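Novice: A predicted structure for the sequence below; I have some questions about it.
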Amino acid sequence: MKVFGVNLIALRLHLVLMSGILVAVIYRMGKLLVSKEVGFYAALLFVFFFLNFAIEQASGYYHTDHNDVTFLFYVTLSIWSWLEYENSHGKRKLLFLILIGLFSGFAILTKWLVGLLVFGAWGVSVLFDSEKRKQPKAYLQMLISLGIKILVALPWQLYIIYKYPLKSAFEYSLNSKHFFEAIEKHHGTWTFHFDNSELLYGFPFIIIALSVFLLWKSIPNKSIRAGIISIIGVVYIFFSVASTKMPRFVFILAPLVLISIAVLVTYLFRLLIINPSVKKASLLTAIYHSVVILLLSFFTLNIEEIQAVHTS
C-alpha cells in the first residue's frame, strides 16, 4: 500500500504474486521428488486448482484468506528449500540450509507452529537414512537451521509478551484450545478433512489416497520419501483429531497432494501407450500431452463456480 496506494489491488497483490511464484516452486518440487513430467503436471494442476479454491482465497471470498495463502507460500517454500538442500553440495547446500530456517520462521509468524512441518520431514528422513542417523553432522545442520528459525520467529514472541502481556497470554491459550475445543463453533466429525477433499483439490479423497500411495512408490530416495509421506499423514491425523475443524487447516498440503495426483496422471496415461517405441514418436507424444492438459482442465476448471463467485 506504501507503493501502490490504499486500494483493493494493493490489498490482494501479494496473494496473487505468491500464488504465481508457487507454480514454479511446485514444478521444481515435483521434478526433484519424481520427474520433470510430474513437476509439469503438478504445476499445471495448481494453475487450474488456483482458478477454483485458491483464487477464491486470493480474492477474499473465504475468510482467513491472507493468512492461509501466505502460510501455504512459506510452508511450501520451506519444504522446497529442504528438497533443494538434499540435492545440493557446498555453498548451495548452505544457502538452502539458511532458507529452510528463514521460510519456516516466516511461516510460524504467519500461523504458528505448523510452520515447523519441514523439520518433521527432515527429522524423519535422517532417521530413515542408515548412514545419516549415525552422523552428528546431520543433526548439527538441522539445529543450525532451527536456530535461524528461532532468530526469525522468537523476537516477535518476546516483544508481544513484554508489550501486551494479557493479550498475548490470551492468544497463546486460544492456540492450544483449538485442539481440545471447537473454537467459534467450528466443529465436525473426524472425517471432516477427508470429506472436504473436493473443495480443496477438486478430487474425492479416494483419489487423493491412491495418489499419495503412488507418490510413495515413485519417490526413489527412501529417506526423502519417508519424510514427505510422514508429514502428509501427520497433518491429516492431527487435524482430524483436533476439535476445531476448518477446511483450510490442511490447505498447506496442496502442493504435495497435487504432486501426488500428477504421479497418478502420468501413471494412468502411460498405460494408454503400451508400445515404448510408439511413445517416442514426437507427434504422438505431443498429442498425448495435449490430451492430458485438456482432460485436466476439463475436470478441474469449474466455470460455473467461478461465474457464481466472481460475477455476482
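Specialist: Here it is on my side, so go on. Numbering: from 1, shown residues only.
Novice: Tell me both backbone torsions, phi and psi, for residue 242.
Specialist: Here is the backbone geometry of residue 242 (degrees, to the nearest 10): phi -60, psi 140.
Novice: contacting residues around residue 307?
Specialist: Residue 307 is in contact with no residue at all, counting by C-beta atoms under 8 Å, 6 or more residues apart in numbering. Backbone N, C-alpha and C define where each C-beta goes, glycine included.
Novice: Can you give me the distance of it to residue 243?
Specialist: Counting by C-beta to C-beta, to the nearest Å, the separation of residue 307 from residue 243 is 36 Å.
Novice: do the same with residue 35
Specialist: Between residue 35 and residue 243 the distance is 40 Å, computed by C-beta to C-beta.
Novice: For this protein, which segments count as strands?
Specialist: Applying DSSP state E to the chain gives no strands.
Novice: Mean pLDDT per helix and strand in it: which one sits at the bottom?
Specialist: The weakest-scoring helix or strand in the chain, judged by mean pLDDT, DSSP states H and E, is helix 276-279 (a mean of 55).
Novice: Can you tell me what sits against stretch 104-116?
Specialist: Contacts to stretch 104-116, defined as C-beta under 8 Å, 6+ apart, come from residues 67-68, 70-71, 74-75, 78, 117-119, 145, 148-153, 156, 175, 235, 252.
Novice: and if you look at stretch 234-246?
Specialist: Applying C-beta under 8 Å, 6+ apart, the contact partners of stretch 234-246 are 64, 114, 117, 120, 177-183, 186-188, 190-194, 249-250, 252-253.
Novice: can we see that at 6 Å?
Specialist: 178-183, 186-188, 190, 192-193, 249-250, 253 (C-beta atoms under 6 Å, 6 or more residues apart in numbering).
Novice: average model confidence for that stretch?
Specialist: Mean pLDDT, computed over stretch 234-246, is 85.
Novice: CA-only coordinates of that stretch in CSV, if you can.
Specialist: Below are the C-alpha coordinates for stretch 234-246, written out as CSV (Å, rounded to 0.1, in the frame of the first residue of the first chain):
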residue,chain,number,x,y,z
VAL,A,234,0.7,-36.3,10.4
VAL,A,235,-1.2,-33.2,9.2
TYR,A,236,-4.3,-35.2,8.3
ILE,A,237,-4.2,-37.2,11.6
PHE,A,238,-3.5,-34.2,13.8
PHE,A,239,-6.3,-32.0,12.3
SER,A,240,-8.8,-35.0,12.2
VAL,A,241,-8.2,-35.5,16.0
ALA,A,242,-8.3,-31.8,16.8
SER,A,243,-11.7,-30.5,17.9
THR,A,244,-11.7,-27.3,15.9
LYS,A,245,-12.4,-28.0,12.2
MET,A,246,-11.9,-25.6,9.3
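Novice: Let the chain start at 489 from now.
Specialist: Okay, residue one is now 489; in that scheme the one you just asked about reads as stretch 722-734.
Novice: what about that stretch, distance to the chain center?
Specialist: Computed by C-alpha atoms, centre = their mean, to the nearest Å, the separation of stretch 722-734 from the middle of its chain amounts to 16 Å.
Novice: What's the local residue count around the nearest residue to residue 630 once chain neighbours are set aside?
Specialist: The spatial neighbour of residue 630 that comes closest, neighbours along the chain excluded (C-beta to C-beta, 6 or more residues apart in numbering), is residue 610 at 5.9 Å. Residue 610: 26 surrounding residues under other C-beta atoms under 10 Å.
Novice: before we move on, what about residue 641?
Specialist: Residue 641: 21 surrounding residues under other C-beta under 10 Å.
Novice: Could you check how far it is from residue 600?
Specialist: For residue 641, the distance to residue 600 equals 9 Å [C-beta to C-beta].
Novice: Going by neighbour count, which residues of stretch 517-532 are buried?
Specialist: If you call a residue buried by 16 or more other C-beta atoms under 10 Å, then stretch 517-532 has these buried ones: 517-523, 525-532.
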